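J.: here is my input; please provide its structure:
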Amino acid sequence: MNQDQVKGKFDQLSGKIKETWGRLSDDDIALANGKRDQFFGKLQQTYGLAKEDAEKRLNELEKSCGCAAEKAA
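T.: The predicted model follows:
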């Protein structure tokens with residue numbers, strides 16, 4: 001998968017994150033692309049979610065846009 005495809009998948013995921021957690025800023029969402037612990041911390045702070053629940057919901061979003069498979073590769 002080339003860099004444009006990877007960016008496209010993350011853009012799809014970003015859109016789904018915005019739909020699900022609309023109070024997060026673009027900077028907060030960018031954390032999902034590498035600093036996942038900080039992203040989960042932001043979800044906990046903003047929405048009061050448990051880390052495990054936030055991880056589960058993000059994994060579901062990744063699967064729904066086809067982003068999860070690239071993480072394993």
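J.: which element, helix or strand, includes residue 7?
T.: Here residue 7 sits within helix 3-20, counting by DSSP states H and E.
J.: show me what counts as buried in that helix.
T.: 9-10, 12-14, 16-17 (16 or more other Cβ atoms under 10 Å). In this view, the C-beta of every residue, glycine as well, is placed from N, C-alpha and C.
J.: for stretch 6-22, which outside residues touch it?
T.: Judged by Cβ atoms under 8 Å, 6 or more residues apart in numbering, the contacts made with stretch 6-22 from elsewhere in the structure are 24, 26, 29-30, 32-33, 43, 46-47, 57-58, 61-62, 64-67, 70.
J.: quick one: average confidence on it?
T.: pLDDT averaged over stretch 6-22 equals 88, rounded to a whole number.
J.: how far is that stretch from where the chain is centred?
T.: 7 Å (Cα atoms, centre = their mean, to the nearest Å).
J.: now stretch 15-23
T.: How far stretch 15-23 lies from its chain's middle: 9 Å, per Cα atoms, centre = their mean.
J.: if anything else comes up later, I'll come back, but that's it for now.
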